[in-house]
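> What shape does this take:
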Amino acid sequence: MRTLDNPLSQPLIKVIIPAYNEARSIALVIQEIPDIVNEIIVVDNNSNDGTSKVAQHAGATIVSQPNMGYGNACSKGVEYIANQPIKPEIVVFLDGDYSDYPEELTKIVKPIIDDGIDLVIGARVKALREKGSLTPQQVFGNWLSTFLMRLFYGARFTDLGPFRAIRYDKLLDLKMQDKTYGWTVEMQLKSVKQNLSYIEVPVHYKKRIGTSKVSGTIKGTIFAGAKILGWIFKYSLKS
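So this is what the prediction gives:
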């Protein structure tokens with residue numbers, strides 16, 4: 001039987017970290033990722049603070065994506081994997097701002113390895129969140145988005161958390177398109193539409209290092225909200 005605790009049965013796992021100006025935090029993230037990961041891929045999204053140099057020194061593979069946008073960076077990481085001779089079974093997405101707890105990656109991949117789940121979302125539940133780690137608008141936006149997903153599609157998500165794992169072949173089947181802030185909700189919506197098995201795993205969450213490029217500005221918050229809701233309503237019209 002294949003389990004996370006059996007090293008002889010562990011699958012190939014790669015981590016993709018989209019990063020824009022995360023030189024202060026990226027090494028901390030990389031250093032705390034468990035040894036079960038075969039490769040850590042940092043996608044430098046046009047940083048100007050030396051993020052690539054710090055990440056490379058910490059042991060990561062560096063991929064450059066000059067086209068700005070969270071989805072662009074994630075897609076570039078997937079493209080890099082697709083061009084490698086040996087493909088992973090599991091791809092994990094993790095932010096580079098040190099707000100997640102990288103050591104909890106084992107919790108994220110466990111349902112895939114032990115139970116055959118396709119997609120696992122790290123849910124930033126209130127009991128495990130540091131006070132102030134999510135802004136009020138983020139909390140409301142998560143609630144509204146997951147409520148609408150439940151209303152329209154019967155989805156059982158409670159969070160759009162960026163810390164997540166998915167089977168590589170299933171990720172390719174989703175044919176991801178979003179270039180900016182809608183990447184996470186697009187993945188979850190398409191997973192529901194394609195009847196993938198999914199589960200949420202409660203994870204800890206803390207205040208990020210530095211200022212958020214999304215929730216840290218009014219423009220970023222509005223744009224992200226519009227993108228997320230746009231994907232939800234787009235799919236509701238197709239149903």
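
> ok, Met176 to Val63 distance?
Relative to Val63, Met176 is positioned 16 Å away (Cβ to Cβ, to the nearest Å). From N, CA and C alone the C-beta is placed, and that goes for glycine too.

> repeat for Trp143
For Trp143 relative to Val63 (Cβ to Cβ), the value is 34 Å.

> all helices for the protein, in order.
26-31, 51-57, 70-82, 105-115, 136-153, 168-174, 183-193, 218-238 (DSSP state H).

> if we can go back for a sec, and Met176 and Val63? which has more neighbours close in?
Legend: neighbour count by other Cβ atoms under 10 Å for Met176 and Val63, higher for Val63 (20 against 17).

> For that one, name its beta-bridge partners.
Val63 has these beta-bridge partners by DSSP bridges: Val43.

> residues touching Gln177, list them.
71, 186 (Cβ atoms under 8 Å, 6 or more residues apart in numbering).

> Quick one: low-confidence residue ranges for the protein.
Filtered on pLDDT under 70, the chain yields the residue ranges 1-3, 5-9, 211-228, 231, 233, 235-239.

> and the end-to-end length of stretch 18-30?
Counting by Cα to Cα, to the nearest Å, you get 12 Å between the two ends of stretch 18-30.

> Test my guess that Gly122 contacts Pro102.
No - applying Cβ atoms under 8 Å, one finds Gly122 not in contact with Pro102, separated by 10.9 Å.

> Looking at these two, which has the bigger crowd around it?
Gly122 (27 against 23).

> how about that one, what does it touch?
Neighbours of Gly122 in contact, by Cβ under 8 Å, 6+ apart: 100, 104, 107-108, 159, 161-164, 200-203.

> and stretch 166-181, how far from the chain's centre?
Offset of stretch 166-181 from its chain centre (Cα atoms, centre = their mean, to the nearest Å): 11 Å.

> Show me what counts as buried in that stretch.
Of all the residues in stretch 166-181, those buried under the rule 16 or more other Cβ atoms under 10 Å are 166-168, 170-171, 174, 176, 178-181.

> Output those in a markdown table, with distance to Asp95 appended to each entry.
What follows is the buried residues of stretch 166-181, written out as a markdown table (distance: Cβ to Cβ, whole Å):
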| residue | distance to Asp95 |
| --- | --- |
| Ile166 | 16 |
| Arg167 | 21 |
| Tyr168 | 20 |
| Lys170 | 21 |
| Leu171 | 18 |
| Leu174 | 20 |
| Met176 | 17 |
| Asp178 | 16 |
| Lys179 | 17 |
| Thr180 | 15 |
| Tyr181 | 13 |
